[in-house]
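>>> coordinates only, no sequence provided:
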């Protein structure tokens, strides 16, 4: 049986469809997963999400399976070494931002008990449910992503603009932006 997906995930490659079907929009409370998406969403800036999905395994290898404690210890030499690793986007600023953000991520964990508690506070602990008929109706930013971005930037995070943070919120289920004709929209509403 053919499932009706959001337009962006239709007729795509298997890993992209699996990402849509199994991950996108599912509420995340695990800090390791939040750190992973913080890395991946930042890497996407200026690129397509499909490019990043194809490089996801490379990111897993390059960044210690998204272990924030290990990544926070990366040296300048390690970052330079990663610039020759073809499994990731080799942009010097994006690589450096991962290490910077890892160190700051740990500070948020200390302050709030977890990054998850911190980020969910921007939606008052509740999933924001869109009611979109077409992907063209889905916003690129919201007041919540603006506030999150502003706070992260104030703390020194890099590659955390409002559009990037809204994509993070969509990916980690702080918002359900599946279109109403998508089978996942209804599954996620049921919880």
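Yes, it's here. It should be emphasised that the depicted structure is a prediction, and the values quoted were computed from it without experimental measurement.
>>> so where do the helices sit in this structure?
Per DSSP state H, the chain carries helices over the ranges 14-22, 31-44, 49-54, 56-62, 68-71, 76-82, 92-112, 115-120, 143-155, 162-171, 183-190.
>>> just send those helices back as TSV, with distance to residue 132 and mean pLDDT too.
All C-beta spots, glycine's among them, are computed from the backbone N, C-alpha and C. Listed next are the helices of the chain as TSV, based on distance: least, C-beta to C-beta, whole Å; pLDDT from 0 to 100:
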stretch	distance to residue 132	mean pLDDT
helix 14-22	15	94
helix 31-44	20	97
helix 49-54	18	94
helix 56-62	26	98
helix 68-71	33	98
helix 76-82	37	97
helix 92-112	30	98
helix 115-120	22	98
helix 143-155	16	98
helix 162-171	11	98
helix 183-190	9	94
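>>> make a markdown table out of the ones you listed and add mean neighbour count and distance to residue 137.
Below are those laid out as a markdown table (neighbours: other C-beta atoms under 10 Å; distance: least, C-beta to C-beta, whole Å):
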| stretch | mean neighbour count | distance to residue 137 |
| --- | --- | --- |
| helix 14-22 | 15 | 18 |
| helix 31-44 | 22 | 21 |
| helix 49-54 | 16 | 18 |
| helix 56-62 | 16 | 28 |
| helix 68-71 | 17 | 35 |
| helix 76-82 | 13 | 38 |
| helix 92-112 | 18 | 30 |
| helix 115-120 | 21 | 24 |
| helix 143-155 | 17 | 16 |
| helix 162-171 | 23 | 14 |
| helix 183-190 | 14 | 13 |
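>>> possible to save those as CSV with distance to residue 7?
Output for these, formatted as CSV (distance: least, C-beta to C-beta, whole Å):
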stretch, distance to residue 7
helix 14-22, 11
helix 31-44, 18
helix 49-54, 13
helix 56-62, 22
helix 68-71, 34
helix 76-82, 34
helix 92-112, 28
helix 115-120, 27
helix 143-155, 21
helix 162-171, 14
helix 183-190, 13
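>>> any idea which of those helices gets closest to residue 127?
With C-beta to C-beta as the criterion, residue 127 lies closest to helix 183-190 of the helices of the chain, at 7.8 Å.
>>> which secondary structure elements does that closest one sit against?
strand 175-176 (3 or more C-beta pairs under 8 Å, 6 or more residues apart in numbering; DSSP states H and E).
>>> packing partners of the strand it packs on?
Judged by 3+ C-beta pairs under 8 Å, 6+ apart, strand 175-176 is in contact with strand 128-129, helix 183-190.
>>> mind putting the ones you listed into a markdown table with distance to residue 154?
Putting the helices and strands packed on strand 175-176 into a markdown table (distance: least, C-beta to C-beta, whole Å) gives the following:
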| stretch | distance to residue 154 |
| --- | --- |
| strand 128-129 | 23 |
| helix 183-190 | 31 |
